[in-house]
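Q: After the sequence you'll find the predicted model.
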Amino acid sequence: MTITAESEVGRIAFLPGGLLAGLCADGKARVWDPRSGALKRTVAPDKGDSDATLLGASSQMAALGKDGSVKVWNLETGEKVRRLAGPEHRVRGLAATPELSLIAGASVAAGNPSERIVHVVDGAGRSRFDAAAGLGGTSVLAFAPGGSVFAVASYDTSIRAFNSRNGELLRHIEEIPVATFAMVFSPDGRMLATGGADRIVRLWDTANWSLARRLEGQPEMISALAWAPDGKRLLSGGFSELTTRQPVSVILWDAGTGRILRKFDAAQRVDSVAFSPDGSLAAMSCRRKEVAVWSLA
């Protein structure tokens, strides 16, 4: 089915109770019933807030305030529930663990506008670590479930994985020849899926950071990834190098074998994909005033 929205929908996430949330171009988050398409509520950040992100696993949305603080809304009720001290540096991009015990963002390095520094702080705003995050900007920030590992992908084609407790560099992945645009840890944290300009989904074993599997068959550059709750399936969505408005594909993969299970059509560049908590539904947004929802039964 297709859920219609009043504004173009970007990032989406399912909430634990099964509702579907989406961040829209007008700055608001909207929450729908994914089976009926009914709009349940609209949540608006404060004027001037930026870099909003959905913490679907905890039914929350976080955004950076103008003063650098991190504000948190409960998407089930629409109420602002917390205000946390953010990193001391003004950051772009925002990632957090579901319980907001760790928060991360990236800033420009002092004296070198091409270099980025990633900052990880705890829920009280105390610095955990700052680390070099590559050149040319950061494309994706991600915490592993439980928050023990933090990863950052940069446009210099590298990915860095850190111990979130002390900032120890666990792995500097330099084997990918192109930029990474999507990156997500599996529900058990044992795999990190990455995808980007070369149309290949790579699965990295986080026990030793070796490349465990390559999933090949996505026709377009990869811009969105999501794991099923059982960790056995994976969704990927892409975009054409010709134009972001070119029709593209969303692919459902068997993560264990690399086999393509199903393909879905998308009207243009895919911004986000998501599984419902029970794994029975898949959803996709592509910067249009709608969200596509498919049954996987």
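A: Looks like it came in fine. Residues are numbered from 1 along each chain as shown.
Q: Next SSE downstream of the helix or strand bottoming out on mean pLDDT in the chain?
A: Using mean pLDDT, DSSP states H and E, the weakest-scoring helix or strand in the chain turns out to be strand 92-96, at a mean of 87. Where DSSP states H and E defines the elements, the next helix or strand beyond strand 92-96 is strand 102-109.
Q: any idea of the mean pLDDT in that following strand?
A: Across strand 102-109, the average pLDDT comes to 91.
Q: Can you give the contact residues for it?
A: Under the criterion Cβ atoms under 8 Å, 6 or more residues apart in numbering, residues 51, 62, 64, 70, 84, 86-87, 89-96, 115-123, 128, 132-133, 137-138, 141, 143, 147, 150, 152, 164 lie in contact with strand 102-109. For every residue, glycine as well, the C-beta is placed using N, CA and C.
Q: For that strand, what is the distance to the chain centroid?
A: The gap between where strand 102-109 is centred and where its chain is centred comes out at 15 Å by Cα atoms, centre = their mean, to the nearest Å.
Q: Where does the prediction get shaky in the stretch 151-297 of the chain?
A: The stretch 151-297 of the chain contains no residues with pLDDT under 70.
Q: how about 90 then?
A: For the stretch 151-297 of the chain, residues meeting the criterion pLDDT under 90 lie at 241-245, 297.
Q: where exactly do the strands run in it?
A: 159-163, 169-173, 180-185, 191-196, 200-205, 210-216, 221-227, 233-239, 248-254, 260-266, 272-275, 281-285, 290-295 (DSSP state E, counting those that start in this stretch).
Q: okay, the ones you listed in JSON lines with mean neighbour count and distance to T2 next?
A: Shown next, in JSON lines, are the strands of the stretch 151-297 of the chain (neighbours: other Cβ atoms under 10 Å; distance: least, Cβ to Cβ, whole Å):
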{"stretch": "strand 159-163", "mean neighbour count": "21", "distance to T2": "34"}
{"stretch": "strand 169-173", "mean neighbour count": "15", "distance to T2": "37"}
{"stretch": "strand 180-185", "mean neighbour count": "22", "distance to T2": "23"}
{"stretch": "strand 191-196", "mean neighbour count": "25", "distance to T2": "25"}
{"stretch": "strand 200-205", "mean neighbour count": "20", "distance to T2": "26"}
{"stretch": "strand 210-216", "mean neighbour count": "14", "distance to T2": "27"}
{"stretch": "strand 221-227", "mean neighbour count": "23", "distance to T2": "18"}
{"stretch": "strand 233-239", "mean neighbour count": "25", "distance to T2": "16"}
{"stretch": "strand 248-254", "mean neighbour count": "21", "distance to T2": "14"}
{"stretch": "strand 260-266", "mean neighbour count": "15", "distance to T2": "12"}
{"stretch": "strand 272-275", "mean neighbour count": "25", "distance to T2": "15"}
{"stretch": "strand 281-285", "mean neighbour count": "24", "distance to T2": "10"}
{"stretch": "strand 290-295", "mean neighbour count": "18", "distance to T2": "5"}
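Q: In a markdown table: those strands, plus distance to D33.
A: Formatted as a markdown table, the strands of the stretch 151-297 of the chain follow (distance: least, Cβ to Cβ, whole Å):
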| stretch | distance to D33 |
| --- | --- |
| strand 159-163 | 37 |
| strand 169-173 | 40 |
| strand 180-185 | 25 |
| strand 191-196 | 28 |
| strand 200-205 | 30 |
| strand 210-216 | 32 |
| strand 221-227 | 20 |
| strand 233-239 | 21 |
| strand 248-254 | 21 |
| strand 260-266 | 21 |
| strand 272-275 | 15 |
| strand 281-285 | 11 |
| strand 290-295 | 10 |
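Q: Out of those, which is closest to E76?
A: Closest approach to E76 among these (Cβ to Cβ): strand 272-275, 16.8 Å.
Q: Pairing partners for the closest one, with directions?
A: Counting by DSSP bridges, the strands paired with strand 272-275 are strand 281-285 (antiparallel).
Q: on that earlier part again, of all the strands of the stretch 151-297 of the chain, which one comes closest to L20?
A: strand 281-285 (5.9 Å).
Q: Would you mind pulling the contact partners of that closest one?
A: Under the contact criterion Cβ under 8 Å, 6+ apart, strand 281-285 has outside partners 9-12, 14, 20, 22, 34-35, 224, 235, 237, 250, 252, 264, 266, 270-276, 291-296.
Q: my guess is A267 meets R287, correct?
A: No: look at A267 against R287 with Cβ atoms under 8 Å: they stay out of range, at 9.5 Å.
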